[in-house]
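Q: Could you work out the structure for the sequence below:
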Amino acid sequence: MHYALSSSADSLDDDSQACEKNHIWVSQKAPWYQIRNDLPEF
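A: Now for the predicted structure:
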């Protein structure tokens with residue numbers, strides 16, 4: 001599963017502010033994988 005994340009140059013040192021924005025390539029996910037949130041799916 002791929003995630004689109006908000007990032008900045010200093011996020012490589014500290015990922016505490018990284019957050020999921022949406023799910024991409026949902027049509028390619030494994031059949032057993034369940035998305036358990038209400039983020040947009042593409």
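Q: helix, strand or coil for H23?
A: Under the three-state scheme (DSSP: H, G, I helix; E, B strand; the rest coil), H23 adopts strand.
Q: Count residues in the vicinity of it, would you?
A: Residues lying near H23 (other Cβ atoms under 10 Å) number 17. Any C-beta I mention is one placed from the backbone N, CA and C, and that applies to glycine too.
Q: Then A18?
A: 12.
Q: Where do the helices of the chain begin and end?
A: Counting by DSSP state H, the chain forms no helices at all.
Q: residue ranges with poor pLDDT in it?
A: Across the chain, the ranges flagged by pLDDT under 70 are 1-12.
Q: Name the residues of stretch 22-35 that are buried.
A: H23 (16 or more other Cβ atoms under 10 Å).
Q: any idea how far that stretch is from the chain center?
A: 10 Å (Cα atoms, centre = their mean, to the nearest Å).
Q: again with stretch 30-42
A: That offset, for stretch 30-42, works out to 10 Å (Cα atoms, centre = their mean).
Q: Alpha carbons only: can I get stretch 24-36 in CSV?
A: In CSV, the C-alpha atoms belonging to stretch 24-36 read as follows (Å, rounded to 0.1, in the frame of the first residue of the first chain):
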residue,chain,number,x,y,z
ILE,A,24,-3.4,5.8,-3.6
TRP,A,25,-3.3,2.7,-5.8
VAL,A,26,-6.2,1.1,-3.8
SER,A,27,-7.1,-1.0,-6.8
GLN,A,28,-3.7,-2.7,-6.6
LYS,A,29,-3.9,-3.5,-2.8
ALA,A,30,-3.7,-7.2,-1.7
PRO,A,31,-7.2,-8.7,-1.2
TRP,A,32,-6.4,-9.4,2.5
TYR,A,33,-5.3,-5.9,3.3
GLN,A,34,-8.0,-3.8,5.0
ILE,A,35,-8.1,0.0,5.1
ARG,A,36,-9.2,1.0,8.5
